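>>> sequence and predicted structure below; questions after.
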Amino acid sequence: MKLKKIAALVAFACATAPAFATNGYFSHGYGIKAKSMGGVGIALPQDSLAAATNPAGMAMVGDRMDFGLDLFAPIRSSTWTGNGASPINGTYTTVTAGEYKSNKNLFAIPEFGYNRAIGKDMALGVVVYGNGGMNTDYGRIAIAGATTNTYSNLEQMFISPTFAWKVAPNHSIGVSLNLVFQNFEARGLESFDVAAQTTAVGFVTNRGKDTSRGIGLKVGWTGQITPNLTMGATYQPKTNMSRFDKYKGLFAQQGQFDIPETFGFGVAFKASDKMTIAADVVQINYADIKSLANNGDKFPAFAGTKLGADNGSGFGWTNQTVLKLGMSYQYAPNLLLRAGLNHAKNPLGTNQTFFNILAPATVENHLTLGATWTLANKSELTVSYMHAFENKVTGVSTGQGAGPAGAGVIGHPVDLKMHQNAIGVAYGWKM
């Protein structure tokens, strides 16, 4: 009963705290230990959060429980390089040229993991974590034609019961049942909440928080190929989510916002008794999700792509390949040091910056550091630090003029930029 109460408390905390991301809208890693190594973990399970990366890893971490908290600080802004124009009821209104900074730059993101061995070869566990998300809160009107300040918030939480099985002495497989919960809210999009721009007037903006639910799977394998080399692979098919009904006039397919398919491959090499080097390659197929991938470089009224339709204008995101590299070093019997790098080309193009005022996912390169202290009672205290270097996407206008002949984002492209910092702490103990 105590464990159920703990898991429920962490689930509530995850559901009420925005979960942010650095690889598109996904987190760069899951679990404070993995986050301090660039996010690697497919072939290197380190704690009971392992299932969030590779369910098979739960067969290797033993009986344990872990709590973590990440303090995440994304610094993001949008810059209109001219007086930004937007059509509303056939009339163009503008916002003043200049930089618009998003407010509220510190968020707390909790996580929880529990794992219990069943005999010698099997394990059952559960992880609760924020998969990703995005937030902008400009505190002013950043999109022309609006009457309220520009704001958007997307949160994704996973609760994942997991089963792992050692099918051979050095090989394990695992499966997680992903119970997925999403929240979304948007304000300040009144210029698009008209019949010329959307298929569902009144369902674009200022509708309060809406929720979405879905059930999905993640499967994985981990195998020790040689005494020093471990490999792993994971696959998570697209998760079909219920629609955001309150925003069926904003997202394509009448408010559909599914979780994209992902898959990855990882290796971990024990270079010495003290040093381990690990690397993951992860593919995120954003292009299969219409609300994310549909072209957003045209105003819906002129392009025949009204918001909310199956072909409704979106964010123009492309697929993303994430490269992760991490290293751990046993500096002392009770002190393990970690470092890592994470790189992924941002998913939005220079002609897609307008709608991405709401989701400026521009960062590409990340540096991570961390350490774990083994305490006198054999419990563990872990800390991590992540810095995502500033990256700017300079917007390119796709049309000129003020009518159907110039159907693009009219003459005044938007520049987007972001950098991020995060400090995490986790406490874990073996049972």
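Yep, it's here. The model shown is predicted, which means the values in this text are computed figures rather than measured ones.

>>> off-centre distance for the helix or strand where residue 172 lies?
Taking DSSP states H and E as the definition, one finds residue 172 inside strand 171-187. Offset of strand 171-187 from its chain centre (CA atoms, centre = their mean, to the nearest Å): 11 Å.

>>> packing partners of that strand?
Judged by 3 or more CB pairs under 8 Å, 6 or more residues apart in numbering; DSSP states H and E, the packing partners of strand 171-187 are strand 151-168, strand 210-226. Where you see a C-beta, it was placed from the backbone N, CA and C, and this is true even at glycine.

>>> quick one: closest of those to residue 304.
Shortest distance between residue 304 and the helices and strands packed on strand 171-187, using CB to CB, is found for strand 151-168: 24.7 Å.

>>> what angle separates the closest one from strand 210-226?
With axes from the mean of the first three to the mean of the last three CA atoms, to 10 degrees applied, the angle from strand 151-168 to strand 210-226 works out at 30 degrees.

>>> is it true that residue 205 lies in a strand?
No: assignment of residue 205 by DSSP: H, G, I helix; E, B strand; the rest coil gives coil, placing it outside any strand.

>>> against residue 393, how distant is the residue nearest to it when sequence neighbours are not counted?
Residue nearest to residue 205 in three dimensions, not counting chain neighbours: residue 189, with 3.6 Å by CB to CB, 6 or more residues apart in numbering. As judged by CB to CB, to the nearest Å, residue 189 and residue 393 stand 21 Å apart.

>>> and the strand holding residue 172, which strands flank it?
strand 151-168 (antiparallel), strand 210-226 (antiparallel) (DSSP bridges).

>>> end to end, how far does stretch 261-279 reach?
Taking CA to CA, to the nearest Å, stretch 261-279 runs 20 Å from one end to the other.

>>> chain center to it, what's the gap?
Computed by CA atoms, centre = their mean, the separation of stretch 261-279 from the middle of its chain amounts to 22 Å.

>>> what does stretch 120-136 give?
13 Å.

>>> flag every buried residue along it.
122-123, 125-136 (16 or more other CB atoms under 10 Å).

>>> where along the stretch 51-200 of the chain do the strands fall?
64-80, 84-88, 91-95, 98-101, 107-118, 122-137, 151-168, 171-187 (DSSP state E, counting those that start in this stretch).

>>> out of those strands, flag the one nearest residue 284.
The nearest among the strands of the stretch 51-200 of the chain, by CB to CB, is strand 122-137 at 9.7 Å.

>>> got the angle between that closest one and strand 107-118?
Counting by the same axes, to 10 degrees, strand 122-137 lies at 170 degrees to strand 107-118.

>>> tell me which strands and helices strand 122-137 is in contact with?
Short answer (3+ CB pairs under 8 Å, 6+ apart): strand 122-137 packs on helix 2-16, strand 107-118, strand 151-168.

>>> adjacent strands (with direction) for the shortest one?
Using DSSP bridges, the neighbouring strands of strand 107-118 in the sheet come out as strand 64-80 (antiparallel), strand 122-137 (antiparallel).

>>> with just CA atoms, put the last one into PDB.
Right, strand 122-137. Extracted C-alpha coordinates of strand 122-137, given in PDB (Å, rounded to 0.1, in the frame of the first residue of the first chain):
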ATOM      1  CA  MET A 122      12.600 -12.200 -14.200                       C
ATOM      2  CA  ALA A 123      11.700  -8.800 -12.900                       C
ATOM      3  CA  LEU A 124       8.600  -6.600 -12.500                       C
ATOM      4  CA  GLY A 125       8.800  -2.900 -12.200                       C
ATOM      5  CA  VAL A 126       7.100   0.500 -12.900                       C
ATOM      6  CA  VAL A 127       8.500   3.800 -14.000                       C
ATOM      7  CA  VAL A 128       6.700   7.200 -13.900                       C
ATOM      8  CA  TYR A 129       8.300  10.000 -15.900                       C
ATOM      9  CA  GLY A 130       7.800  13.000 -18.100                       C
ATOM     10  CA  ASN A 131       8.400  11.900 -21.700                       C
ATOM     11  CA  GLY A 132       8.600  15.500 -23.100                       C
ATOM     12  CA  GLY A 133       6.700  18.700 -23.800                       C
ATOM     13  CA  MET A 134       7.000  22.300 -24.600                       C
ATOM     14  CA  ASN A 135       6.000  25.600 -23.000                       C
ATOM     15  CA  THR A 136       6.000  29.200 -24.100                       C
ATOM     16  CA  ASP A 137       4.600  32.100 -22.100                       C
END
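
>>> what about that strand, average pLDDT?
The average pLDDT within strand 122-137 is 94.

>>> how about the longest one?
Computed over strand 64-80, the mean pLDDT rounds to 95.

>>> how far does it sit from the chain's center?
Worked out by CA atoms, centre = their mean, strand 64-80 lies 10 Å from the chain centre.

>>> same thing with the last one?
Distance of strand 122-137 from the chain centroid (CA atoms, centre = their mean) equals 9 Å.

>>> re earlier: which one of the buried residues of stretch 120-136 is nearest to residue 317?
Closest approach to residue 317 among the buried residues of stretch 120-136 (CB to CB): residue 134, at 11.3 Å.

>>> and the closest residue to the closest one other than its chain neighbours, how close does it get to residue 133?
Spatial nearest neighbour of residue 134, chain neighbours left out: residue 359 (4.6 Å); criterion: CB to CB, 6+ apart. Residue 359 is 10 Å from residue 133, where distance means CB to CB.

>>> confidence score at the closest residue to residue 375 other than its chain neighbours?
With sequence-adjacent residues excluded and distances taken as CB to CB, 6+ apart, residue 375 is closest to residue 381, at 6.2 Å. Residue 381 is assigned 98 on the pLDDT scale.

>>> put the alpha carbons of stretch 207-217 into PDB.
Output in PDB follows, covering the C-alpha atoms of stretch 207-217 (Å, rounded to 0.1, in the frame of the first residue of the first chain):
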ATOM      1  CA  ARG A 207     -10.300  26.900 -24.200                       C
ATOM      2  CA  GLY A 208      -8.400  26.100 -20.900                       C
ATOM      3  CA  LYS A 209      -6.500  22.900 -20.300                       C
ATOM      4  CA  ASP A 210      -7.500  19.800 -22.300                       C
ATOM      5  CA  THR A 211      -6.400  16.200 -21.700                       C
ATOM      6  CA  SER A 212      -5.600  13.200 -23.900                       C
ATOM      7  CA  ARG A 213      -5.000   9.600 -23.100                       C
ATOM      8  CA  GLY A 214      -3.500   6.600 -24.900                       C
ATOM      9  CA  ILE A 215      -2.000   3.100 -24.400                       C
ATOM     10  CA  GLY A 216       1.200   2.000 -26.100                       C
ATOM     11  CA  LEU A 217       4.100  -0.400 -25.900                       C
END
